[in-house]
Each structure stands twice: as structure tokens, then as C-alpha cells.
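Chemist: Sequence below, structure please.
(one chain, ligands or ions: 1)
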Amino acid sequence: MDIHLSLIPGEPITRQVFQQIRDAILAGRLTAGDALPSSRDLAASLGVSRNTVITAFEHLTAEGYLRARAGVGTFVASDVQPINRARKVPSALRPLPWWEDESWESPRASGTEYAFDFRTGLPDSTAFPFSTLRRLIVGELRRTVEGGRYADPQGEAALRAAIARHLAVSRGLTVGADDVVVTNGVQQAVSLLAQVLLQPGDVAAVEDPGYPAVRRALQAARADVASVPVDTDGLVVSELPSNAKLVYVTPAHQFPLGVRMSLARRSALLEWAGDNDAAVVEDDYDSDFRFAGRPLDALHSLDRSGRVVYVGSFSKTMLPSLRLGYCVVPPGLVTALRRARFVADWHGPVALQGALAGFIDEGRLAAHIRHMRRTYLARRDRLADLLDSRFDDVLMRIPSVAGLHLAAWARSDHADVAGWVRRAADHGVALATVQDLSFEPTRPGLVFGFGAIPEEKIAGGLRVLRDAIDRRESRVGS
Ligand SMILES: Cc1ncc(COP(=O)(O)O)c(C=O)c1O
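Modeler: Reported below is the predicted structural model:
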């Protein structure tokens, strides 16, 4: 390991080397087991004699900071503990107020284990074909290491072509590789679209209840975000503010209510967008998992005026940690999006993109989706049956034919769903309320993700929830 030492002229060098290495260990910058550079290399980089460094190392070893292993090197001793953390310099720098607003927090790693995990947005990673992906990534690393240069911000051509083919087969979309821009998930797709389509202060409309992460992306682009209600037919088009420049919707499986936007609403939205000169962002994040009914045409397929941008994600069909998604954009936006992606982070990891192209081309993605559809269907049916049979007195399930979550309204507008969730959480149940995913006050409801919970745990989790509800209800009744 290289270590940074700065020597002050005129002071004894051995002492300076000793003190700076000791300070680095005590401050935790060098930790137990770290290898030090050889005395020869360190002496050469400092421009001092090797004996000077050897003497400093010997003192440090004698005091227990270092341990020399003959023929291997010198290491930080395994039993030293850092004591004084690195000095923090007070800083005058502050972010713009929006980034410090305490009303929201960016999510941390979602790896927490819950006994009964009904969180939304998580697929089942236990059934993922990791060995196939590993083989493809290793092959791509070998291939791309030879090229090893910056790549196309629009995304690897092979992946764009594979995505276009996948969309043609699975969603009936007529798109070519040139229409596809690869992104780090839907999240980056929306951020880039906001950058290229919106001026600060422009109005962007989102569904309410809706997907908070996209709302934040639009706000971060300085858009004025308007909440638009959702009913059983999806976004209520008549409630759209006429000055909205962008409308974000989840027509195939509304997040979080789970309803499907009716054909009439789809047509109305497209007509509205034409009349009001607005862009429509269609987020098709989990429609690969459709369990009943015929699929309705995507807005993208119905669009005759090139106003719809279709965004998709591999977070549900594969893994969210891969950070892979894409948008399908009209030709007039491709150059701007390529530039926006370049400005943001140039491009995504090339080997991973190549591996995903292989995963799609070998039919692995389609096979994994087929397999997981059966798994998720069984969970969904179990969850729906239990909600209908055991919670009918307190909850009203919202019909839904796709995706990895179900939602239900409370029968009473005064139901303390937040209290139910809190008490259930004390016994290991992770669950969201509709209000958690709403921007304006809403009627009480619950959202049950079933991507991360095995089928055999669903009944147990719901029993805990039922107890949490009954405890409250009986206290109110007593
Ligand atoms: C509505 C919606 N869109 C998109 C995503 C996926 O986003 P990303 O591709 O950034 O992981 C999610 C994940 O939960 C979602 O709920």
C-alpha cells in the first residue's frame, strides 16, 4: 500500500516517519493487517536513506504498532486499536436548501432481513441464476479488458439491440436499437429526461399515490411537481394541470395501488398530451409479471405523435443492485439523451452491459421471467386469498393483474393503518401504508409487496398483522 508522508525539512527524518505512521494507525487510516511499503520503496519515494526508514520501522515494531514477517513484509499489528478519529475540519460549505430538507431521506441499503418482508420493489434474489450471469460477466471482462476504453454513452449496441428485441416480443413494441438509451435504472432514465425536457420551474405531473423516487428526481431537476389523483382507471387525466410539460405514469401496474390504466384513459392521456404539448413518461417497471387478462397496448404503441418516452428496468426481472434500465425515446431526443448520459457519468459498466445482452440473447432472461412468474403467481394468489378471507372486515383489496405488490384500502376512513404497521413491525413484519407512498393526505390503505417474501411465510406475516389490528380494535372497542 502507498502511504502519504510529508517530511518537514530540518527535522529528524526517522522521528517524522515514526510519528506519521503511528498517527495514521491511531487515526484508523492504516488498519490492522495493512501491508506497509517495503523500506526500500518508501525510502526511494521519500528521497531518504533506507536505513532511516528501517530504523523508524524498528521503533514502530518495538512499540507494537507494526509486525515484521520474515520474507513477506511489514504489516500493521493485528491488536492495535485506532484511538483518535481523523480530525474533522468545520466547513463553511452547505448544499442548496432542497438537499437538506428534512422531510425526506434517501434510502440506505435495503439488505435488512425481516421475518416477514412485504416491502415493495424487491424481487426474489434467491432464485436468480447467478452462475449464468457470472459466466457472462467473466467472458465480457476478458473481451472488454482488451478494448478497455470509454464506450458509447447511449449504451452498448449489442444490449440496445437485445432490449429492442425483448420489448418487441414481450410488449409488442416496434423499436430499434437506435431508439434505446441504456441507463442506471428507471431512476437515471427519469433524471436524464427531466434534464433534457424541463426548464427549472416547469410543471411535471405525477400520480398520487405514486413512486417517491421519481418525484425526487423531478424535483432535483428543479421541476415544480404536481400531484394528480388516481382512480380505478389509473391517472385522472381531467385533473392534469394544463401547464404540465411532463406527465409520469405507471399504466401497466400503477405504483402503488396496482390498478391498470384503462384504454379510454390511455387514449385520453395521449390526446391531452397532444393538446397541451407535453411529454408522457411511461414507466413499465414490472409488467413482465402479468398474471391474468390480455395485456393492454403500451402508451408507446398507441402514441401517434412521438410524445411518449417508454422507460423500463431490470430491477424486477433481474436484480435492483445491477442498476440496469433503459428508455425508448423518439429520434429527436436521442442526441440530447446521449449527451445527458455523458455529462452524468459517461456510460455504464461495459462488461455488465455485454453480459446482459448475452443473458437476453441466450434466452436466459425470458426463462427466468417464466420461472419467476409461476413463483410470484403462487405468492400473489396466496396473499390475495388470505386478504380476502381473513381481512375482509377491515380491508378491501384493490384488484390488480400484474406486478409484485397488492394494495388494499381500509374499510374505515379512520383506520389507524400506521399504528397497525408499527405494531406489526415490532414482530418482524415490514409493510408500507398507502400514505407512505402518497404526497397529499389520502384514505388509509396498505401495500403488500410479495417479491421478497417466500410463499410459506405469507400466512405467518398476515397473522402477525391481524393480531396487530385486533389488539388495536379491541382496545378501541373495550
Ligand atoms: C414505479 C417504479 N418504477 C421503477 C422502479 C425501479 O427503478 P430502478 O430501475 O431505478 O431500480 C421501481 C422500483 O421499485 C418502481 O416501484
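
Chemist: shouldn't Arg222 be in contact with Val203?
Modeler: No: counting by C-beta atoms under 8 Å, Arg222 sits too far from Val203 to count as a contact (11.5 Å). Quick note: C-beta positions are derived from backbone N, CA and C, even for glycine.

Chemist: quick one: which of these two has more around it?
Modeler: Val203 (19 against 15; other C-beta atoms under 10 Å).

Chemist: biggest helix in the chain, by residue count?
Modeler: helix 364-390 (DSSP state H).

Chemist: Pull out the buried residues from it.
Modeler: Along helix 364-390, these residues count as buried under the neighbour rule (16 or more other C-beta atoms under 10 Å): 364-366, 368-369, 372, 375-376, 379-380, 382-384, 386-387.

Chemist: which parts of stretch 57-74 are buried?
Modeler: Buried-residue list, stretch 57-74, by 16+ other C-beta under 10 Å: 57-60, 65-67, 74.

Chemist: Considering the residues you listed, which is situated nearest to Leu167?
Modeler: For the buried residues of stretch 57-74, the minimum distance to Leu167 (C-beta to C-beta) is 57.1 Å, reached by Thr74.

Chemist: What residues does the stretch 151-300 of the chain have near the ligand?
Modeler: 185-187, 211, 250, 255, 283, 285 (C-beta under 6 Å from any ligand atom).

Chemist: Just those residues: which are in helices?
Modeler: Using DSSP H, these in helices are 185-187.

Chemist: ok, which stretches of the stretch 301-450 of the chain are strands?
Modeler: 308-313, 325-328, 395-397, 405-410, 429-430, 432-433, 445-449 (DSSP state E, counting those that start in this stretch).

Chemist: So which elements touch the first one?
Modeler: Same thing as strand 308-313. Contacts defined by 3 or more C-beta pairs under 8 Å, 6 or more residues apart in numbering; DSSP states H and E place strand 308-313 against helix 157-171, helix 185-197, strand 279-283, helix 299-302, strand 325-328.

Chemist: CSV for the ones you listed, including mean pLDDT and mean neighbour count?
Modeler: Formatted as CSV, the helices and strands packed on strand 308-313 follow (pLDDT from 0 to 100; neighbours: other C-beta atoms under 10 Å):
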stretch, mean pLDDT, mean neighbour count
helix 157-171, 97, 19
helix 185-197, 98, 23
strand 279-283, 98, 25
helix 299-302, 97, 20
strand 325-328, 98, 25
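
Chemist: and stretch 421-435, how far apart are its ends?
Modeler: 12 Å (C-alpha to C-alpha, to the nearest Å).

Chemist: What's the mean pLDDT across that stretch?
Modeler: What stretch 421-435 shows for mean pLDDT is 97.

Chemist: buried sites along that stretch?
Modeler: Applying 16+ other C-beta under 10 Å to stretch 421-435 flags 421, 423-425, 429-435 as buried.

Chemist: Leu192: what's it in contact with?
Modeler: 181, 183, 327, 337, 340-341, 344 (C-beta atoms under 8 Å, 6 or more residues apart in numbering).

Chemist: can you rerun that using 6 Å?
Modeler: 337, 340 (C-beta atoms under 6 Å, 6 or more residues apart in numbering).

Chemist: residue contacts, Val350?
Modeler: Val350 neighbours (C-beta under 6 Å, 6+ apart): 144, 151.

Chemist: nope, Ala468 is what I was after
Modeler: 420, 423-424.

Chemist: Generate a markdown table for these, with distance to the ligand as supplementary columns.
Modeler: As requested, these are arranged in a markdown table below (distance: C-beta to the nearest ligand atom, whole Å):
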| residue | distance to the ligand |
| --- | --- |
| Trp420 | 22 |
| Arg423 | 25 |
| Ala424 | 21 |
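
Chemist: Now, those residues that are in helices?
Modeler: Per DSSP H, these map to helices at 420, 423-424.

Chemist: on that earlier part again, with distance to Leu122 added, can I get the helices and strands packed on strand 308-313 in TSV?
Modeler: Below are these laid out as TSV (distance: least, C-beta to C-beta, whole Å):
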stretch	distance to Leu122
helix 157-171	21
helix 185-197	14
strand 279-283	17
helix 299-302	26
strand 325-328	16
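
Chemist: Output the below-cut-off pLDDT ranges for the stretch 101-250 of the chain.
Modeler: 146-147 (pLDDT under 70).

Chemist: try 50
Modeler: Applying pLDDT under 50 to the stretch 101-250 of the chain picks out no residues at all.

Chemist: quick one, helices of it?
Modeler: Assigned by DSSP state H, counting those that start in this stretch, the helices in the stretch 101-250 of the chain fall at 130-147, 157-171, 185-197, 212-220.

Chemist: tilt between the third one and strand 308-313?
Modeler: By that I understand helix 185-197. 150 degrees (axes from the mean of the first three to the mean of the last three C-alpha atoms, to 10 degrees).

Chemist: hang on, the earlier thing: and the contacts of Ala468, which is closest to Met318?
Modeler: Distances from Met318 to these, taken by C-beta to C-beta, are shortest for Ala424, at 29.8 Å.

Chemist: contacting residues around the closest one?
Modeler: Per C-beta under 6 Å, 6+ apart, neighbours of Ala424: 464-465, 468.

Chemist: I'd like to know how far it sits from Ala384.
Modeler: Look at Ala424 and Ala384: by C-beta to C-beta, to the nearest Å, they are 19 Å apart.

Chemist: what does Leu296 give?
Modeler: 21 Å.
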